[in-house]
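Student: Just a sequence and a predicted model for now, questions to come.
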Amino acid sequence: MDVVKLKGYVSAIICILLLSYAIDFILEIGLTLIKALINSEDYIFYDPKDIPLLLCIPVAIFLEVVCICALLPFKPKTAPFLQKLMIPVTIYGVASFAIGFIISIIISFYPLGTDYYKCHSTSIISSGSSYAKSKEICRQRGSGGY
């Protein structure tokens with residue numbers, strides 16, 4: 001085995017591991033947010049980027065399948081099929097990102113804008129905001145005032 005093939009295999013394995021972790025992380029955060037919104041919980045942390053990322057998970061799964069197929073010995077047979085799927089997956093990715101952006105704006109106005117108070121925080125790290133049903137919950141959580 002030459003060095004070029006070895007580098008290809010190692011990079012494909014690293015891509016598979018990173019994509020698997022990213023899919024799991026985004027799915028966990030997105031489903032937690034959706035569950036909190038559906039259950040109308042008292043305290044919600046909302047980041048507008050979560051919804052478009054959640055809708056783009058099928059694209060990440062497709063990319064993971066592409067990386068897996070790069071490791072398989074029958075790569076010449078799977079490559080044309082994956083190339084045919086590339087355009088629909090790209091269209092889906094762009095459409096889901098746009099729809100996710102619109103949904104995140106709608107969520108920001110309703111229910112978060114009408115049913116919750118925005119807890120002010122001074123965090124530089126996160127672009128998300130905390131929302132609570134009452135101002136007292138904001139104070140209890142230590143997210144600042146109202």
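Tutor: Arrived safely.
Student: check contacts around the residue lying closest to residue 42 once chain neighbours are set aside.
Tutor: Excluding the flanking residues, the one nearest residue 42 by C-beta to C-beta, 6 or more residues apart in numbering is residue 133, at 4.7 Å. Quick note: C-beta positions are derived from backbone N, CA and C, even for glycine. By C-beta atoms under 8 Å, 6 or more residues apart in numbering, the contact list for residue 133 reads 42, 43, 115, 116, 117.
Student: The last one is in contact with residue 139, isn't it?
Tutor: No: here residue 117 does not reach residue 139: they are 10.4 Å apart, not a contact under C-beta atoms under 8 Å.
Student: Give me the more crowded residue out of these two.
Tutor: A side-by-side neighbour count of residue 117 and residue 139, using other C-beta atoms under 10 Å, places residue 117 first with 17 against 14.
Student: And the helices in this structure, which stretches?
Tutor: For the chain, helices defined by DSSP state H occupy the ranges 3-38, 50-55, 57-71, 75-109, 112-115, 135-141.
Student: if we can go back for a sec, show me the contacts of residue 133 that map onto strands.
Tutor: Of the contacts of residue 133, the ones assigned to strands by DSSP state E are 43, 117.
Student: And the contacts of residue 133, which of them are buried?
Tutor: The neighbour count (16 or more other C-beta atoms under 10 Å) marks 43, 116, 117 as buried among the contacts of residue 133.
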